[in-house]
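1. Sequence and predicted structure, then a few things I'm wondering about:
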Amino acid sequence: MTFPTPTAENAARRYALLLLPAYPLLAIAGALTQRQVFPLAALLVLLTVVMLPQLLRQRIGPWLLWLGLLSTLLLLSWFGWAGLLLEGVPVLINALLACWFGRTLGTREPLVARFIVAIEGAARLEQPGVMRYARQVTWFWTLLLGMQAVLLAVLLLCAEHSGLLARLGFASPLHLPERWAAAWLHVGGYVLLGVAFLLEYAYRRWRLRHLSHPGLHDMLLQLALHWPQLVHGNRTVAS
């Protein structure tokens, strides 16, 4: 298996940072206006961001796949299913992230330990309490993301009028107001993760207060710079 070159990875990261802010704006616009063009555009942005490293290699295969998926999105939009597909994206993202965190719990390198290595160097894990805390926080994110995926799936299925069960003509076993379900699917779920991240950062500084900690800006910058190493589990990352 081959990975993109550092140049391609850097370019993909830059373009992704430019494209990603459009995704939530288009998703919210689709929820407010109920027009298929907005969820279609949001899905296209997400698809392009995910496939950017392969597309930037300038090979015909990834571009044919991208065009095929684009045609599928257009077909779904034609039948009015683009909005529902977009609403399923947060469920998929949370489920995949929960699996990503949880899969590393059975290894010697839980995912949060990779984050620590990327930001502060491998020697940081040798300091008292750090490795144990890394495993505990990996458990925290696994459970939070897993529960969030389940909650979002229930909202997607059981929301009044716009839920999948209602669209298929089935009675929902739960009474979930459509407005609140849509608000959590498109906004609340992301806000929860952002708040959880900030609270964990504050708790870590208190829990490991005997150690020095990088600032929030520096931490986020290092995570962005070393994202490929985090994905592939490479611990040979510069501090």
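-> Looks like it came in fine. Remember, it's a predicted structure, so these values are computed and weren't measured experimentally.

2. CA only for contacts and neighbour counts going forward, please
-> Fine.

3. so where do the helices sit in the protein?
-> Assigned by DSSP state H, the helices in the chain fall at 6-19, 22-33, 37-55, 60-78, 82-103, 111-120, 130-158, 164-167, 178-183, 189-207, 216-225, 227-232.

4. Return the fourth one as CSV; C-alpha atoms alone will do.
-> Output of helix 60-78 as CSV, limited to C-alpha atoms (Å, rounded to 0.1, in the frame of the first residue of the first chain):
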residue,chain,number,x,y,z
ILE,A,60,-7.2,8.4,-13.7
GLY,A,61,-8.6,5.8,-11.3
PRO,A,62,-9.4,8.2,-8.4
TRP,A,63,-10.9,10.8,-10.8
LEU,A,64,-13.2,8.1,-12.4
LEU,A,65,-14.3,7.0,-8.9
TRP,A,66,-15.0,10.6,-7.9
LEU,A,67,-17.0,11.2,-11.1
GLY,A,68,-19.0,7.9,-10.4
LEU,A,69,-19.8,8.9,-6.8
LEU,A,70,-20.7,12.4,-8.1
SER,A,71,-23.2,10.8,-10.5
THR,A,72,-24.6,8.8,-7.7
LEU,A,73,-25.1,11.9,-5.6
LEU,A,74,-26.8,13.6,-8.5
LEU,A,75,-29.2,10.7,-8.9
LEU,A,76,-30.0,10.6,-5.2
SER,A,77,-30.7,14.4,-5.4
TRP,A,78,-33.0,13.9,-8.3
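
5. what helices or strands is that helix leaning on?
-> In this structure, helix 60-78 packs against helix 37-55, helix 82-103, with contacts taken as 3 or more C-alpha pairs under 8 Å, 6 or more residues apart in numbering; DSSP states H and E.

6. follow-up on the earlier one: just name the most buried of the helices of the chain.
-> Highest mean neighbour count among these (mean count of other C-alpha atoms under 10 Å): helix 111-120, with a mean of 23.

7. from the chain's centre, how far out does that one sit?
-> Computed by C-alpha atoms, centre = their mean, to the nearest Å, the separation of helix 111-120 from the middle of its chain amounts to 18 Å.

8. Output the helices and strands packed on helix 60-78 as JSON lines; include the columns distance to Ala134 and mean pLDDT.
-> JSON lines is the format used below for these (distance: least, C-alpha to C-alpha, whole Å; pLDDT from 0 to 100):
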{"stretch": "helix 37-55", "distance to Ala134": "27", "mean pLDDT": "81"}
{"stretch": "helix 82-103", "distance to Ala134": "11", "mean pLDDT": "85"}
